[in-house]
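S.K.: just coords:
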């Protein structure tokens, strides 16, 4: 077990002053236990351990891709650039750049202007991106940082075995009072998200439609976002987030 812990620790990024973060060590310990005893198949890890894995996965990616947000006759192209925990969404017509910082305990969304960067205030997080059903809060993945979380079961989504979690909003500043998450047991990817309003009614659903392999790694290809009329199953707006399989080359210096 000791050798396994050492091996797993070498696979994770280290802070030069402190070694692995506490969050990374919790992931290492869980992975070691699961590998040694078959716990993945036998028992659910805690909600915190699962969400730690999701946050770690999201903050480690290195990519530069093109994509679009599509809703009926609205098509919004963008560039997605990520270097570790910093993600940029670059839009045009009109020009707009959003920068997302994925931290250990929270995420921070900023708007990049000619004057510098300005944090998107909590009151603005429910603002829609270019008139679509996607909000700034959705882009910031705020709900994966909510501490009030519990595992509610296990389900298959698109042939993938997933943990199902419920997380509660820590304050009234979110558009959601609670969110259900379906997280791939194997890779830690978000496969489905359902957001509920203050009345406990389903108001928005995100679901991965397809994935794609780029440079030997799996990435999102298409995600469907449905905005529902509260209290019904009627879809008021259906939006697609699509990533193209044409990685952009690194910028020339």
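M.R.: Thanks, I have the structure now. As the structure is a prediction and not an experimental result, all values here were calculated from the model.
S.K.: mind listing the helices in this protein by residue range?
M.R.: Applying DSSP state H to the chain gives helices spanning 2-10, 22-37, 39-42, 47-59, 136-140.
S.K.: packing partners for the fourth one?
M.R.: It stands for helix 47-59. When contacts are defined as 3 or more CB pairs under 8 Å, 6 or more residues apart in numbering; DSSP states H and E, helix 47-59 sits against helix 22-37, strand 96-102, strand 148-157, strand 160-168, strand 178-184. C-beta here means a position set from N, CA and C on the backbone, and glycine is covered the same way.
S.K.: By mean pLDDT, show me the worst of the ones you listed.
M.R.: With a mean of 43, helix 22-37 has the lowest mean pLDDT of the helices and strands packed on helix 47-59.
S.K.: Identify the bridge partners of residue 87.
M.R.: residue 82, residue 100 (DSSP bridges).
S.K.: what sits against it?
M.R.: By CB atoms under 8 Å, 6 or more residues apart in numbering, the contact set of residue 87 is 80-81, 99-100, 102.
S.K.: again with residue 147
M.R.: 48, 170.
S.K.: Against residue 52, how distant is it?
M.R.: Residue 147 sits 12 Å away from residue 52 when distances are taken as CB to CB, to the nearest Å.
S.K.: Could you list the low-pLDDT ranges of the stretch 1-150 of the chain?
M.R.: Within the stretch 1-150 of the chain, the ranges that satisfy pLDDT under 70 run 1-43.
S.K.: hmm, try it at 50
M.R.: Scanning the stretch 1-150 of the chain for pLDDT under 50 picks out the ranges 1-9, 11-13, 15-18, 22-42.
S.K.: Ignoring the adjacent residues along the chain, who's closest to residue 241?
M.R.: Of all residues not flanking residue 241 in the chain, residue 223 sits nearest, at 4.4 Å (CB to CB, 6 or more residues apart in numbering).
S.K.: right, I mislabeled it, should have said residue 243
M.R.: residue 67 (4.4 Å).
S.K.: residues near the one you found, how many?
M.R.: Using other CB atoms under 10 Å, residue 67 is surrounded by 18 other residues.
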